[in-house]
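Colleague: pasting the sequence and the predicted model now:
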Amino acid sequence: MLRRRALAACTATVAVGALALAGLTGTASADPASPTTAADAAHLSPGLLKAMQRDLGLTAAEARDRIAGESRAAALTAGLRYSLGDRFAGARVSGDDADLTVATTDAADAARITKAGAHAEVVDHSLAELDAAKAALDAVALRTAPKDVPAWYVDVRSNRVVVQAGKASAADAFLAKAGVSRELVTVARSTERPRTFTDLRGGDAYYMNGSGRCSIGFPVKRGTQGGFVSAGHCGTPGVPTSGYNQQAQGSFQGSTFPGRDYSWVATNTNWTPRPLVNGYGNGDVTVTGSTEAVEGSSVCRSGSTTGWHCGTVQQRNSSVTYQEGTVSGVTRTNVCAEPGDSGGSFISGSQAQGVTSGGTGNCSQGGVTYFQPLNPALQAYGLTLVTNGSTTPPDPTDPPTTPSGTWAAGTTYAAGDVVTYGSARYRCLQGHQAQPGWTPPNVPALWQAV
């Protein structure tokens, strides 16, 4: 594990670091099924827009339009994924207008997909089939990390599992141990050597026991206890932390690495969790939720070494082998980062995506970065993401009273969870953190009446 020592000089070429939170400075979306509408996009932070213009070659207006389109695509994908069931084969967006393509294994679904407003693509393998093949590879890697196989992931664009390897023989041996058919796999030659980066506001620096530095991912709460999530490789339970100002801050309460790469730190009462990410000179940005972005969507990061950088979501459900072992379930991006950015915030529009794990390259030459998705970390430790809805009174247009039931804003729900709202029961269709206004009757992309 590559740690960022407080007094050590960094090397010229290093592994990738954290992806920044780039969020809204306004209120939550008026349309709960679309977390970032065109109207909300007008309030995006200057830091986000500048980073997207620099890294994605967009104008400010194009960046606003792209984020709004990607957010609508995420909501549409959630509904189609549920209705297609085991025929769903993935979704992706492309272009500055966030053109959505949804794949299925059954040509009879094409008309439904087109009517919903997406391009239909008929492929051979369902996403569940590809995920199962990747899970078999993960199971082998968790027992013994494969040699000369730096990463593998499900690629919905090619409808294959991609295995990166320095030598074809290494990939063949890995597939044979897992019992995975080559019919599902593309082997890509790679010289990558991923490493982790270790070096209450997302992107801020914090220090572990006075010996290393990482970046805060997202402020959270567990009941009344405040804290933040970060990367698991940054520290183990009991390790004390100090803040960017070197003042006593808290300690790690939970940490998982390798296997996954997430942790959470409980902080003392001198630190107040805020729904913000450090804009590094461009103004803080506000987090409104944690809805997962579609592959191909823009994503930005904030980290304590390199500040703001942007790119796109390449592949979800990736696995990467570090020197310390294999981490699965991470998301692969083309955003750059460097030591000390580890644990920092990834965001798409106003929606928190995850915390930086590691990768290859640097911000002078570019590279590949993997981030640990946020929602699994929240669920693992029973945490609630701090959003602007956590501290902001309801919009005056909202109903003055909320019907009784078990649904509650600020709660993280997993697919399959059942809640009550008023006199009805609803089943969650997509994992997300509930926001004020995202009540089950109003968001059919996220909830289905049962």
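Modeller: It's in.
Colleague: wouldn't Leu48 be in contact with Cys300 here?
Modeller: Yes. With contacts counted by Cβ atoms under 8 Å, Leu48 reaches Cys300, the gap being 6.0 Å. The C-beta positions use only the backbone N, C-alpha and C, and glycine is treated the same way.
Colleague: residue nearest the centroid of this structure?
Modeller: Geometric centre of the chain, nearest residue: Gln353, 2.7 Å, by Cα atoms, centre = their mean.
Colleague: look up which helix or strand that residue falls in, please.
Modeller: Secondary structure assignment for Gln353, by DSSP states H and E: strand 351-362.
Colleague: for that strand, give the mean pLDDT please.
Modeller: Strand 351-362 carries an average pLDDT of 95.
Colleague: residues contacting the residue nearest to the centre of the chain?
Modeller: Neighbouring residues of Gln353 by Cβ atoms under 8 Å, 6 or more residues apart in numbering: Leu19, Ser290, Glu292, Ala293, Val299, Val313, Thr331, Phe346, Ile347, Phe371, Pro373, Leu374.
Colleague: apply 7 Å and report the result again.
Modeller: Ala293, Val299, Phe346, Ile347, Phe371, Pro373, Leu374 (Cβ atoms under 7 Å, 6 or more residues apart in numbering).
Colleague: the third one: neighbour count?
Modeller: Put plainly, it is Phe346. By other Cβ atoms under 10 Å, 35 other residues sit near Phe346.
Colleague: now do the fifth one
Modeller: When neighbours are counted by other Cβ under 10 Å, Phe371 registers 33.
Colleague: pLDDT score assigned to it?
Modeller: Per-residue pLDDT puts Phe371 at 98.
Colleague: that one and Gly57: what is the separation?
Modeller: 22 Å (Cβ to Cβ, to the nearest Å).
Colleague: now the first one
Modeller: Look at Ala293 and Gly57: by Cβ to Cβ, they are 19 Å apart.
Colleague: who has more neighbours out of these two?
Modeller: A count of neighbours by other Cβ under 10 Å puts Ala293 above the other of Ala293 and Gly57, at 26 against 9.
Colleague: packing partners of the top strand by length along the chain?
Modeller: For the chain, the longest strand by residue count, based on DSSP state E, is strand 307-322. Applying 3 or more Cβ pairs under 7 Å, 6 or more residues apart in numbering; DSSP states H and E, one finds that strand 307-322 contacts helix 46-56, helix 127-143, strand 151-155, strand 298-303, strand 325-333.
Colleague: who does that strand pair up with?
Modeller: Strand partners for strand 307-322, identified by DSSP bridges, are recorded as strand 151-155 (antiparallel), strand 298-303 (antiparallel), strand 325-333 (antiparallel).
Colleague: tell me what angle the second one forms with helix 46-56.
Modeller: Comparing the axes of strand 298-303 and helix 46-56 via axes from the mean of the first three to the mean of the last three Cα atoms, to 10 degrees yields an angle of 120 degrees.
Colleague: pLDDT averaged over strand 298-303 - what is it?
Modeller: Averaging pLDDT along strand 298-303 yields 94.
Colleague: shaky segments in the stretch 351-450 of the chain?
Modeller: 390-403, 410, 433, 435-437, 442-445 (pLDDT under 70).
Colleague: all strands for it, in order.
Modeller: Under the criterion DSSP state E, counting those that start in this stretch, strands of the stretch 351-450 of the chain are mapped to 351-362, 366-373, 384-385, 412-413, 418-421, 424-428, 432-433, 447-449.
Colleague: which residues of the chain score low on pLDDT?
Modeller: The chain contains residues with pLDDT under 70 at 1-43, 197-199, 282, 390-403, 410, 433, 435-437, 442-445.
Colleague: which helix runs longest in it?
Modeller: If you go by DSSP state H, the chain has its longest helix at helix 60-84.
Colleague: what's the angle between that one and strand 424-428?
Modeller: With the same axes, to 10 degrees as the basis, helix 60-84 and strand 424-428 are set at 110 degrees to each other.
Colleague: going forward can the numbers begin at 383, since that is how I track them
Modeller: Understood, numbering begins at 383; the last thing we discussed is helix 442-466.
Colleague: how about helix 442-466: buried residues?
Modeller: 444-464, 466 (16 or more other Cβ atoms under 10 Å).
Colleague: and what of stretch 524-532?
Modeller: In terms of neighbour count (16+ other Cβ under 10 Å), stretch 524-532 has its buried residues at Ala527, Pro528, Val531, Pro532.
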